[in-house]
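Enquirer: Predicted model, plus sequence, below.
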Amino acid sequence: MPSLQAALEKAFTKLRRKRISRELFHRNHGVIQRGIFKGLKLDGRSNISQGPLALKIYGLFEQEVVKKIEALGPFSDAVNIGAADGYFSLGLVKSGLAQRSICFEITETGRDAIRRNAEINGVADKVLVFGKADQDIADHLKTADYSSQRSLVLCDIEGAEFDLFTRPFFEAIRGADIIIELHDRIFMGSTQPRTELIANIPEGYTYEIIRSKPPQWSGIEDIEALSDNDRALVTSEGRKLIGEWLIIQASAGEEA
């Protein structure tokens, strides 16, 4: 068991990171300053950690995923499973990379945050919000008149991805490009679940796994002005292990 000292050090580190992040977020009035989501405004009130708020403000949050989305787009529909505060869902429609976002978020607090932020950004008419993504998700997508052609499915559901992405679900979204954050090493201590998930991918797709890298903050005055310790904290995503995403890309034949 960790000592009391170690536990306190960890808690104080998290508190410091969140405080600096909130300060930078409020300094910019919650408006994204850089990157493809530039101009998106978030109110900062949701069910997720406030530690990454500064990363979002400066367009540094999950840069590898953002770059991949930009390369794959534009999209007709973007399906965000585990939509949190709407950063990706709303950023995609605000930027014009997606015509519509279909959000699945398990918490009421998160769903309320998505709706508020959609209103703030004037994109409420382009955003649909559902609850938990379970085995009825395909039915919800049919209700939304979803077409998987030229669409994106983005998933971050803390380990539940291995139950959701069955062969029938892959068939229901055939033709979409898919990005899944992998949590098996964190919650299960093994990569066997991803092997089983990959086995469910239909023929005709290509896939790769990408990993997070340190954010490129050079030239951002607000971050350069911080002390080395504070800069290290605020540019951290606070992960227990390096982030990994499974990128499943539809072939030209699947998109046709």
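Expert: Structure's in. What do you need? Numbers count the residues shown, from 1 in each chain.
Enquirer: Give me the phi and psi for Asn121.
Expert: Here is the backbone geometry of Asn121 (degrees, to the nearest 10): phi -90, psi 0.
Enquirer: scratch that, Ala176
Expert: Per-residue torsions, Ala176: phi -80, psi 150 (degrees, to the nearest 10).
Enquirer: list the contacts for it?
Expert: 79, 148-149, 151-153, 250 (Cβ atoms under 8 Å, 6 or more residues apart in numbering). For the C-beta atoms, the positions are set from N, CA and C on the backbone; glycine is no exception.
Enquirer: mind redoing it with 7 Å?
Expert: Ala176 makes contacts with 148, 151-153, 250, as judged by Cβ atoms under 7 Å, 6 or more residues apart in numbering.
Enquirer: Is it possible to get a markdown table of the residues you listed that adds secondary structure and neighbour count?
Expert: Shown next, in a markdown table, are these (DSSP: H, G, I helix; E, B strand; the rest coil; neighbours: other Cβ atoms under 10 Å):
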| residue | secondary structure | neighbour count |
| --- | --- | --- |
| Ser148 | coil | 22 |
| Ser151 | coil | 24 |
| Leu152 | strand | 26 |
| Val153 | strand | 24 |
| Ala250 | strand | 23 |
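Enquirer: Now for Pro168: which residues touch it?
Expert: Not one residue lies near Pro168 by Cβ under 7 Å, 6+ apart.
Enquirer: tell me how far the helix or strand where it lies is from the chain's mean position?
Expert: Using DSSP states H and E, Pro168 sits within helix 167-172. Computed by Cα atoms, centre = their mean, to the nearest Å, the chain-centroid distance of helix 167-172 equals 21 Å.
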